[in-house]
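*Asks:* Fold the stuff below for me.
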Amino acid sequence: AYLHQEEQLRAVQTHDILELANKTLPYFSSGLTESSAMQAATIIQHYTNFDAIGITDSQNVLAHVGPGSDHHVPERHVVTDLSKRVLASGKMEVANSKEMIGCPIPGCPLAAAIVIPLIVDKQVVGTLKMYFTDARKLTPVEEQLATGLASIFSSQLALGLAEEQSKLVRDAEIKSLQAQVNPHFFFNAINTISALMRTDATQAHDLLLELSTYFRTNLQGARETEITLKQEEAHVQAYLSLEQSRFPNKYSVNFSVKSNELNLLPPFTIQILVENAIRHAFSGRKKNNCVNVVVTEKRNCLHILVSDNGNGIPQKLLPHLGQRVVDSIQGSGTALENLNRRLTGLYGPKSALKINSSSKGTDVKIVIPRKVKTI
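*Replies:* Next comes the predicted model:
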């Protein structure tokens, strides 16, 4: 009779876990945000015996449901020593006392906790924290349950990131296809070529070939997640030929590529940075405008630096560039945001854009893992 009851209990627990996983999937797969974390934490608390549930990203508390919610507040930095250790080590921690939890707030009702890392692509992206107000409730059964749940939720986050990356690739394809028939750019290029046909037929012929190269490489970039450095450089040079024919001697663009031309990078990476500099860095200036592109290899990484001697970016805008659309006369920053999301989606947060700017100019640095196309 006892074994029969135990089998029934396991069946109920399995059903609850499956139901829990089904309920949390839409939220974890949408990414770690304050809204999705709050929904997921509420569901986890409902389907388990834990008194409180907390979820963090790699730095901040995103959600806390249950006792302690008066000071474990979303948008604040992680405060407990326990969570900080898990984020640093990537290993589960169990606390059987308030002292082990290490909450600095006097009177915190949380007496026991299990904190488990949420891991995607071998990187700790956050933590799942499960608390009891009575330390006696914390048993090895709860530890086993917590471990299983963290594995499920990590898989759901990974699924969401994979779906997001797929969406970004599709978005890049759409934007690239749109660029091929961009009426403004196309009109300017054709107008310049038409004018040159009457004065310099050879240059007009050369620019027509560059226009063909530009659109062909656009199409190529739309179909692939990564292209070679050689292909990216050809795309940039075609764009520059067309732009500089419209504004002779207004600016110079210098390339220093000390890297294997078959190294891979996302399409439009350098082109977006060069175009951004040309369009926004030199407002009101007609000469002595320089853009430098330097590509090197260091420690199995590809280092890309695009710098200019322009007017600089307002300091108040710098933290937001690459993170979101900004409202500025210098442009919206949409291209930089899209590029940043593609880089971090493909290679992780260490590959995010690093932008430094002053009145003497702007540097944009990118570091990505070095991969070489096999022939």
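*Asks:* mind showing which ranges of the protein have poor pLDDT?
*Replies:* 1-16, 74-76, 79, 162-186, 217-223, 318-333, 375 (pLDDT under 70).
*Asks:* quick one, domains of it?
*Replies:* As recorded under automatic domain parsing, the domains making up the chain are 2-160, 181-369.
*Asks:* Including mean neighbour count, could the ones you listed go into a markdown table?
*Replies:* Just so you know, the C-beta spots here come from the backbone N, C-alpha and C atoms, and that holds for glycine as well. Putting the domains of the chain into a markdown table (neighbours: other CB atoms under 10 Å) gives the following:
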| stretch | mean neighbour count |
| --- | --- |
| domain 2-160 | 17 |
| domain 181-369 | 17 |
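*Asks:* where along the stretch 51-200 of the chain do the strands fall?
*Replies:* Here the stretch 51-200 of the chain has its strands, by DSSP state E, counting those that start in this stretch, at 52-57, 61-65, 93-95, 112-120, 123-132.
*Asks:* The last one - contacts with which helices or strands?
*Replies:* Looking back up the chat, that one is strand 123-132. Packing contacts for strand 123-132, counted by 3 or more CB pairs under 8 Å, 6 or more residues apart in numbering; DSSP states H and E, involve strand 52-57, helix 81-89, strand 112-120, helix 140-180.
*Asks:* Can you give the strand pairings for that strand, parallel or anti for each?
*Replies:* Strand pairing for strand 123-132, determined by DSSP bridges: strand 52-57 (antiparallel), strand 112-120 (antiparallel).
*Asks:* Output those strands as a markdown table; include the columns distance to Ile44.
*Replies:* Putting the strands paired with strand 123-132 into a markdown table (distance: least, CB to CB, whole Å) gives the following:
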| stretch | distance to Ile44 |
| --- | --- |
| strand 52-57 | 5 |
| strand 112-120 | 12 |
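*Asks:* how about JSON lines for the helices and strands packed on strand 123-132, with distance to Arg279 added?
*Replies:* Shown next, in JSON lines, are these (distance: least, CB to CB, whole Å):
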{"stretch": "strand 52-57", "distance to Arg279": "34"}
{"stretch": "helix 81-89", "distance to Arg279": "40"}
{"stretch": "strand 112-120", "distance to Arg279": "35"}
{"stretch": "helix 140-180", "distance to Arg279": "14"}
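*Asks:* now the strands of the stretch 51-200 of the chain in JSON lines, with distance to Glu232?
*Replies:* JSON lines is the format used below for these (distance: least, CB to CB, whole Å):
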{"stretch": "strand 52-57", "distance to Glu232": "32"}
{"stretch": "strand 61-65", "distance to Glu232": "37"}
{"stretch": "strand 93-95", "distance to Glu232": "45"}
{"stretch": "strand 112-120", "distance to Glu232": "28"}
{"stretch": "strand 123-132", "distance to Glu232": "27"}
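*Asks:* So for Asn300, which of these sits nearest?
*Replies:* Each of the strands of the stretch 51-200 of the chain has some distance to Asn300 by CB to CB; the shortest is strand 123-132, at 17.4 Å.
*Asks:* and Arg341, what element?
*Replies:* In the assignment (DSSP states H and E), Arg341 maps to helix 334-347.
*Asks:* and what of Cys290?
*Replies:* Following DSSP H and E, one finds Cys290 within strand 289-298.
*Asks:* Touching that strand from outside, list them.
*Replies:* Strand 289-298 is contacted by residues 229, 236, 250-260, 263, 270, 273-274, 277-278, 281-282, 302-310, 370 when judged by CB atoms under 8 Å, 6 or more residues apart in numbering.
*Asks:* Sort out which of those residues are in helices and list them.
*Replies:* 229, 236, 270, 273-274, 277-278 (DSSP state H).
*Asks:* Going by distance to Ile114, which of those residues wins?
*Replies:* Comparing the ones in helices among the contacts of strand 289-298 against Ile114 with CB to CB places Leu273 closest, at 44.9 Å.
*Asks:* ok, the closest one touching Val306?
*Replies:* Yes - with contact defined as CB atoms under 8 Å, Leu273 and Val306 form a contacting pair (3.9 Å).
*Asks:* Need the overlap of contacts for these two.
*Replies:* Common neighbours of Leu273 and Val306, counting by CB under 8 Å, 6+ apart, are 293, 364.
*Asks:* on that earlier part again, after the helix holding Arg341, next one along is what?
*Replies:* Downstream of helix 334-347 (by DSSP H and E), the next one is strand 354-358.
*Asks:* on that earlier part again, tell me the angle the helix holding Arg341 makes with strand 354-358.
*Replies:* Taking axes from the mean of the first three to the mean of the last three CA atoms, to 10 degrees, one finds that helix 334-347 is oriented at 150 degrees with respect to strand 354-358.
*Asks:* Can you get me the centre-to-centre distance for helix 334-347 and its chain?
*Replies:* Distance of helix 334-347 from the chain centroid (CA atoms, centre = their mean, to the nearest Å) equals 6 Å.
*Asks:* Identify the residues contacting the closest residue to Asn288 other than its chain neighbours.
*Replies:* On the basis of CB to CB, 6 or more residues apart in numbering, the spatially nearest residue to Asn288 that is not a chain neighbour turns out to be Asn309, at 7.4 Å. For Asn309, the contact set (CB under 8 Å, 6+ apart) comprises 288-290, 360-361.
*Asks:* first vs last residue of stretch 59-77, how far apart are they?
*Replies:* Using CA to CA, to the nearest Å, the end-to-end distance of stretch 59-77 comes to 6 Å.
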